[in-house]
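Asker: Coordinates for the following, if possible.
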Amino acid sequence: MSTAAISATHPSRVDPFDGVDTRRRVKAILVGSMGNLIEWFDVYAYAAFALYFAGSFFPTTDPVAQQLSAAAIFAVGFIARPFGGLLFGHVADRHGRRNALMASVLLMCFGSLLIAVTPTYATIGVGAPILLAVARILQGVSQGGEYGTSATYLAEISHPDRRGFYSGVWYMTLIGGQLCAILLLLILQKVFLTPEELRQWGWRIPFVIGAALAIYAMWMRKDMHESGHFQSASAVTKNRAGLRVVASHWKPMLLVVGISVGGVSAFYTYTTYMQKFLKLSVGLTDDETTMVVFVSLLVAIALQPLCGALSDKIGRKPLLVTFGLLGTLLTYPLMTTLQQTRSPMVATALICAAWVIVSGYTSITAIIKAELFPTNVRALGVGLPYALTASIFGGSVDSVALWFKNAGNESGFFWYATALIFVSLLFYVFMPDMKRHSRMEQHS
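Answerer: Modelled structure (predicted):
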């Protein structure tokens with residue numbers, strides 16, 4: 001899968017923050033990453049609270065069918081993500097990373113607010129799920145733009161020798177978005193609301209909070225320091241950004257798809273789908289399910305910077321190959337054992353073991369993709385193919401898994417997830433190590 005451009009000799013390393021104090025660099029990373037956390041909180045609130053609001057939008061009495069319908073609407077947002085990757089990636093490459101990041105988080109605010117105020121099916125009938133779908137489309141466009149631009153910004157402001165570590169920090173905020181959503185659910189369950197109150201109106205609370213936090217994220221980002229790589233690129237280089245230039249980079253874009261297909265399916269299996277799996281298949285209670293997911297996400301967050309820092313020492317490729325190999329060999333036995341247990345502690349241990357494997361991908365995925373492209377197409381080159389992959393193989397995880405369950409063949413999903421990881425393993429084996437063949441210092 002390598003190309004001459006990708007596997008060229010590593011250029012001289014330039015730190016765009018040379019002469020700038022560490023405090024300024026860390027502040028820029030934190031502002032960009034915290035905005036990312038808030039965006040992902042808005043998205044994960046849907047997955048975390050779907051067990052409570054599905055009945056408000058889908059009148060069937062079958063809980064699996066309700067979750068399948070809610071999962072289908074969740075997937076609609078992923079279908080919209082490539083449009084966001086294209087739109088905001090173009091804005092980021094032509095007009096700056098900061099402008100694109102501010103616009104994407106504002107759009108997320110509108111999507112979350114719409115979910116918060118949408119009437120139920122009992123009030124407006126079929127209009128309720130339609131409005132829910134519209135809100136998820138807005139969120140999907142925003143999320144599609146956030147990923148590529150945020151990953152690009154982080155890669156460009158990080159120290160060249162610590163990009164893997166900062167990539168792990170960036171992914172901490174992505175997982176942290178779901179952790180915050182789960183923590184909010186846990187607090188509401190344990191302290192403030194009964195299960196019936198959560199189903200009636202309490203599920204709206206996270207979306208109100210998410211909309212308010214999105215406004216705060218936009219305010220934080222207005223003073224972000226623009227990427228040094230973008231500032232250094234000439235006006236001619238920026239003006240060449242667009243679909244024509246991207247078309248000439250189709251090989252690294254295909255590589256982004258290959259790198260991502262197994263990782264996104266594994267990631268969404270152990271995040272958005274796991275809550276439903278523990279409740280509907282393992283048979284844990286609502287409180288047990290929330291606690292297991294919460295603890296496993298804490299472990300996942302701790303693993304990200306550790307694995308990212310390891311990639312700075314030994315390279316990106318060994319971590320990817322390890323994920324691909326172990327994921328191919330162990331996904332089926334892990335999921336089968338998890339399905340059969342009835343112990344929350346055993347379930348937690350199994351999911352944490354899975355995160356040790358998956359972190360070989362998640363911790364460095366942002367930096368690897370950014371290292372494939374020159375400055376003038378980096379945001380679009382990262383965002384568009386990843387959004388396409390996530391829309392097909394990430395957003396569909398809940399729907400595919402629940403379809404297998406409804407068909408009475410839940411283990412078929414375990415094989416499906418295994419096959420996707422194996423496809424990515426083939427790419428990992430034959431791709432160059434991007435730590436040594438990075439294009440970060442190339443402008444066009």
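
Asker: any weak-confidence spans in the stretch 151-300 of the chain?
Answerer: Scanning the stretch 151-300 of the chain for pLDDT under 70 picks out the ranges 227-228, 230-231, 233-247.

Asker: could you redo the last one with a cut-off of 80?
Answerer: Residues of the stretch 151-300 of the chain meeting the criterion pLDDT under 80: 155-161, 191, 195, 217-218, 220-250, 272, 275, 286.

Asker: and the gap between Arg98 and Val31?
Answerer: Counting by Cβ to Cβ, to the nearest Å, the gap from Arg98 to Val31 is 10 Å. Quick note: C-beta positions are derived from backbone N, CA and C, even for glycine.

Asker: between these two, what contacts are shared?
Answerer: The contact sets of Arg98 and Val31 overlap at 221, 224 (Cβ atoms under 8 Å, 6 or more residues apart in numbering).

Asker: Which stretches in this structure count as strands?
Answerer: With DSSP state E as the criterion, the chain has no strands.

Asker: And stretch 77-97, how far out from the chain middle?
Answerer: Relative to the mean C-alpha coordinate of its chain, stretch 77-97 is positioned 15 Å out (Cα atoms, centre = their mean, to the nearest Å).

Asker: What's the mean pLDDT across it?
Answerer: Per-residue pLDDT over stretch 77-97 has a mean of 83.

Asker: What is the neighbour count of the closest residue to Ser391 other than its chain neighbours?
Answerer: Among residues not flanking Ser391 along the chain, Phe78 sits closest, at 4.0 Å (Cβ to Cβ, 6 or more residues apart in numbering). Phe78 is flanked by 28 other residues according to other Cβ atoms under 10 Å.

Asker: cool, Ala353 as well?
Answerer: For Ala353, the count of nearby residues is 17 (other Cβ under 10 Å).

Asker: same deal with the one 3 residues further on?
Answerer: If you count neighbours by other Cβ under 10 Å, Val356 ends up with 15.

Asker: swap in the one 10 residues further on?
Answerer: Burial of Ala366 is recorded as 31 neighbouring residues (other Cβ under 10 Å).

Asker: cool, and the one 3 residues further on?
Answerer: The number of residues packed near Lys369 is 28, by other Cβ under 10 Å.

Asker: right, and it touches Val382 too?
Answerer: Yes - assessed by Cβ atoms under 8 Å, Lys369 is found in contact with Val382 at 4.5 Å.

Asker: which residues are common contacts for those two?
Answerer: Both Lys369 and Val382 are in contact with 151, 256, where contact means Cβ under 8 Å, 6+ apart.

Asker: Leu213 and Met220: what is the separation?
Answerer: Applying Cβ to Cβ to Leu213 and Met220 gives a distance of 10 Å.

Asker: if you count what's nearby, which of those two comes out ahead?
Answerer: Leu213 (24 against 18).

Asker: Please name the nearest non-neighbouring residue to that one.
Answerer: Ile38 (4.5 Å).

Asker: Contact partners for the one you found?
Answerer: 105, 108, 177, 210, 213-214, 216-217.

Asker: Could you give me the PyMOL syntax to select whichever of the residues you listed are buried?
Answerer: A single PyMOL command selects the buried members of the contacts of Ile38 (16 or more other Cβ atoms under 10 Å):
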select buried, resi 105+108+177+210+213+214+217
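
Asker: Tell me the buried residues in stretch 409-425?
Answerer: For stretch 409-425, the neighbour count (16+ other Cβ under 10 Å) marks 410, 413-414, 416-418, 420-425 as buried.

Asker: Contacts for it next, please.
Answerer: 258-263, 265-266, 269, 281, 320-321, 323-325, 327-328, 331-332, 335-336, 339, 361, 393, 400-401, 404-405.

Asker: Ok, stretch 313-320 next?
Answerer: 164, 259, 307, 310-311, 360-361, 363-364, 367-368, 371, 424, 428, 431-436.

Asker: quick one: which of these sit in helices?
Answerer: Using DSSP state H, 164, 259, 307, 310-311, 360-361, 367-368, 424, 428 are the members of these that sit in helices.

Asker: can you list those residues in a markdown table and add distance to Ile351?
Answerer: Output for the ones in helices among the contacts of stretch 313-320, formatted as a markdown table (distance: Cβ to Cβ, whole Å):
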| residue | distance to Ile351 |
| --- | --- |
| Gly164 | 24 |
| Ile259 | 23 |
| Cys307 | 17 |
| Leu310 | 21 |
| Ser311 | 23 |
| Gly360 | 16 |
| Tyr361 | 16 |
| Ile367 | 25 |
| Ile368 | 25 |
| Ser424 | 20 |
| Tyr428 | 23 |
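
Asker: Out of these, flag the one nearest to Glu156.
Answerer: For these, the residue nearest Glu156 by Cβ to Cβ is Ile367; the value is 10.4 Å.

Asker: what pLDDT does Lys27 get?
Answerer: At Lys27, the model reports a pLDDT of 69.

Asker: and if you look at Leu426?
Answerer: Leu426 carries a pLDDT value of 94.

Asker: Show the contacting residues for it.
Answerer: Listed by Cβ under 8 Å, 6+ apart, the contact partners of Leu426 are Gly258.

Asker: got it, and Glu39?
Answerer: Taking Cβ under 8 Å, 6+ apart, we find Glu39 in contact with 104-105, 108, 142-143, 146, 177, 214, 217.

Asker: Farthest-apart pair in these, please.
Answerer: Largest separation among the contacts of Glu39 by Cβ to Cβ: Ser104 and Gly177, giving 14.1 Å.

Asker: how about the helices in the stretch 101-250 of the chain?
Answerer: Here the stretch 101-250 of the chain has its helices, by DSSP state H, counting those that start in this stretch, at 121-124, 127-157, 163-187, 195-200, 205-221, 228-232, 235-239, 243-247, 250-269.

Asker: so can I have TSV of those showing distance to Gln66?
Answerer: Below are those laid out as TSV (distance: least, Cβ to Cβ, whole Å):
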stretch	distance to Gln66
helix 121-124	11
helix 127-157	11
helix 163-187	17
helix 195-200	11
helix 205-221	18
helix 228-232	45
helix 235-239	48
helix 243-247	40
helix 250-269	19
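
Asker: Setting the sequence-adjacent residues aside, check what's closest to Leu325.
Answerer: Per Cβ to Cβ, 6+ apart, closest to Leu325 is Leu425, 6.3 Å.

Asker: ok, that neighbour to Phe323 distance?
Answerer: For Leu425 relative to Phe323 (Cβ to Cβ), the value is 8 Å.

Asker: residues shared between the contacts of the two?
Answerer: Contacts common to Leu425 and Phe323, judged by Cβ under 8 Å, 6+ apart, are Gly262.

Asker: Name the single longest helix found in the protein.
Answerer: If you go by DSSP H, the chain has its longest helix at helix 22-57.

Asker: Can you check what angle separates that one from helix 250-269?
Answerer: Angle, helix 22-57 to helix 250-269, by axes from the mean of the first three to the mean of the last three Cα atoms, to 10 degrees: 60 degrees.

Asker: which one is Arg136 nearest to, not counting chain neighbours?
Answerer: Leaving aside its chain neighbours, Arg136 sits nearest to Gly77 (3.6 Å; criterion: Cβ to Cβ, 6+ apart).
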